[in-house]
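Visitor: okay, predicted coordinates and the sequence, questions at the end:
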Amino acid sequence: MNCGGINSALSSVIAWLLLLPSFAWADSWAAPRVVEVFSESRERFVRMLPGENLGATIGFAGAKKGRTATAEFYRRARDHSYQRIAEVSLLNPISPVELLVANNGHLVAVDNWHNLGYGQAVSLYDATGNLIRSYGLRDLFQSQEIANFPHSVSSIHWRSGPVYIRSDQKTALITVRSGAEFVFGLETARFKYCEYQNKEYRCRNSNDPRRWLPNGRLPLNR
């Protein structure tokens with residue numbers, strides 16, 4: 001038995017396997033569940049019930065198709081109880097990954113369960129659940145930028161960092177990476193994307209065409 005040859009072959013296989021995470025790795029997700037997200041003031045909250053549209057999720061071809069995720073909008077009443085004011089279907093087949101609720105009841109849904117970066121990546125709703133606007137990655141980035149993001153089996157990992165309603169309660173921030181983020185106006189759903197370029201913080205408010213300006217010269221019409 002040529003042990004040297006076997007060891008050499010085994011080493012080659014191990015080396016090949018170690019290279020796999022550089023271009024694809026498996027996704028592992030907890031089962032979707034009912035969640036309740038409150039505004040900072042606690043005057044509003046949204047209860048999200050997972051959908052049953054698994055067949056519309058990448059990686060589950062042939063699975064059952066059904067209703068999408070549901071959001072119930074609640075507001076505090078004078079007797080300090082919460083009253084449901086709306087129930088709507090979200091664009092997410094199963095569940096958003098992040099839910100943000102502002103003090104005025106506006107909702108931001110970010111990404112899709114098991115499918116980061118696919119489908120509608122950012123959706124903004126008013127206080128009664130009406131969709132203001134939604135964005136796919138192609139609305140926010142150019143094709144080459146999307147291709148350069150890390151990809152796993154069923155996700156595009158386009159963001160890394162905090163996602164939150166800002167202190168003004170009129171805008172939401174989504175971190176793409178350190179020093180690069182989107183700010184979305186909750187009333188208009190317009191966005192501003194800013195990043196450091198040659199040590200200067202510059203911003204754009206559209207994907208195509210693009211015009212980069214210093215942050216102070218590009219106000220966000222919220």
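Guide: Yep, that arrived.

Visitor: what about stretch 41-55, distance to the chain center?
Guide: 15 Å (C-alpha atoms, centre = their mean, to the nearest Å).

Visitor: ditto for stretch 121-132
Guide: That offset, for stretch 121-132, works out to 14 Å (C-alpha atoms, centre = their mean).

Visitor: so which bits of it are buried?
Guide: Across stretch 121-132, burial judged by 16 or more other C-beta atoms under 10 Å covers Ala121, Val122, Ser123, Leu124, Tyr125, Asp126, Ala127, Gly129, Leu131, Ile132. (C-beta placed from N, C-alpha, C; glycine too.)

Visitor: can you report how many residues neighbour the residue nearest to the third one when sequence neighbours are not counted?
Guide: Excluding its sequence neighbours, the residue lying closest to Ser123 (C-beta to C-beta, 6 or more residues apart in numbering) is Ser134, at 3.9 Å. Other residues within reach of Ser134 by the criterion other C-beta atoms under 10 Å amount to 17.

Visitor: and Ser134, what element?
Guide: Assigned by DSSP states H and E, Ser134 belongs to strand 131-135.

Visitor: packing partners of that strand?
Guide: With contacts defined as 3 or more C-beta pairs under 8 Å, 6 or more residues apart in numbering; DSSP states H and E, the packing partners of strand 131-135 are strand 122-125.

Visitor: ok, the spatially closest residue to Arg211 that is not a sequence neighbour - contacts?
Guide: Closest residue in space to Arg211, ignoring its immediate chain neighbours: Arg204 at 6.2 Å, by C-beta to C-beta, 6+ apart. Arg204 makes contact with Lys192, Tyr193, Cys194, Arg210, Arg211, Trp212, Leu213, Leu218 under the criterion C-beta atoms under 8 Å, 6 or more residues apart in numbering.
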